Every structure is written in C-alpha cells, then in structure tokens.
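Enquirer: build me a model from this:
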Amino acid sequence: MRKIPLDIVALSHSVSQSHNYAVVLGEQEGSRRLPIVIGAFEAQAIAVAMERMTPNRPLTHDLFKNAMDTFGVDLKEVIINDLLDGIFYAKLVCLRKGEIIEIDSRTSDALALAVRFNCPVFTYEFILETAGVILDDSQEQEGAVEKSLGISDEPEPEKKGGPLSSYSIDALKTMLEEVLAEENYEKAARIRDEINKRTQGS
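Expert: Numbering: from 1, shown residues only. Next up, the predicted model:
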C-alpha cells in the first residue's frame, strides 16, 4: 500500500473528553486532517519535544530514545497502520546494523518518539478515508471542523490569577521558571507562546 506522509499540525485540548487531548495530523500533499485523541501524559511528551524544552530529568520517551541511541537503533519512520474499533495502531520502523526491525506501538508513543528522532510519519489511504476530515483552504472552516470533532485550540482557563493575557511579561517569565521547575511542560508551552506573541508583536 502507498504510504501517505503526515505532519503534526496541532496539539489541542479535547472538548468532548475533558481529561484528554487531541493531536491533529495533516497530509503533506492534501487538505485532510487526522485527529487522534491521546492522554495528557502523551500530549505533554509530544509538546516538550516540539517546543525543544529540556526537562530536568529525562521523560520516559527521552529515556527510550537514549537507550535506542546507546544500542545503535535508529528510528527511520513511524507508520499509523491500522484503525480497529476507533483505536489507531502504529509501528516503529527501526534500523540496526542494516536490519529493519518493526515494533508495535501506541500511536501517541510513536508520535512522541517521531518528534524526538525527527523522522517521518506515514499512514495509509484507507485510514484517511475512514477517519480523516477534509478541509478547504479557509482558516475559519478548519476551526469549525475541529469544533465539530470536539477539538479545541483554546487552552484551559488558568486555575490561578486569571488568563495568561492578564500577566505582565516579567510575571510570565517568573511563572515560566516556576512551572518548568514543577515539570509542568504543557503549561510552560502555553506561557512561552504568550511571551513570544507579546515580544514578536512589539
């Protein structure tokens, strides 16, 4: 079967499942999107790697990558290869001493490793036909489709002190240091986005 290359285009809170997140994959040569609901830990693992954050201690996926590097195993690609009863399945295609090794994986774990190895992600046409969403070029249309899927790109309201937009730059930088010390990388990513938005807009 022909492999279709995908990119991670969004990592969002899931409105329909409040304790979960959704990673949205988009085909590189098309307008279809593949939303996959994942857990909070896996979302954090993906966000940390995408934001190029350095945890105080290695997260589980960092540890796994370090072990693979130590034993000379290279992750060549990730393939989302099946969809059964609403559950996505994936495999890691690895290379060691010239030998191809395929390892079964949860899709969320596979994506967290793909970001760390900077390797391509693929799926097959039948999966996009079954679970993909076709979007046009309109930004508003994309937002409407994501809302209909129960996916939101709006962060959860901050539990203390109101939204991030109400803080000064200095206060945000202090808060960033605090949440990094607590290893709350998902919140740290939102704070850094707010800081970047302010500094780039000034």
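Enquirer: I would like the residues contacting stretch 51-59, please.
Expert: Outside stretch 51-59, the residues within contact range by Cβ atoms under 8 Å, 6 or more residues apart in numbering are Q44, A45, V48, D62, N66, L180, A181, E183, Y185, A188, A189, R192. Every C-beta, even on glycine, is put in place using the N, C-alpha and C of the backbone.
Enquirer: which one of those is nearest K3?
Expert: A45 (24.1 Å; Cβ to Cβ).
Enquirer: what about that closest one, neighbour count?
Expert: For A45, the count of nearby residues is 26 (other Cβ atoms under 10 Å).
Enquirer: and the contacts of stretch 51-59, which two are furthest apart?
Expert: Farthest apart among the contacts of stretch 51-59 by Cβ to Cβ are N66 and R192. That separation is 24.4 Å.
Enquirer: give me the more crowded residue out of the two.
Expert: For N66 and R192, the more surrounded residue by other Cβ under 10 Å is R192, and the numbers stand at 18 against 12.
Enquirer: that one against L176, yeah?
Expert: Yes - counting by Cβ atoms under 8 Å, R192 touches L176, with 6.4 Å between them.
Enquirer: where do the helices of the protein begin and end?
Expert: 40-50, 60-70, 107-117, 125-131, 139-148, 169-181, 185-201 (DSSP state H).
Enquirer: mind giving me the domain split of the chain?
Expert: If you go by automatic domain parsing, the domain ranges for the chain are 3-152, 164-201.
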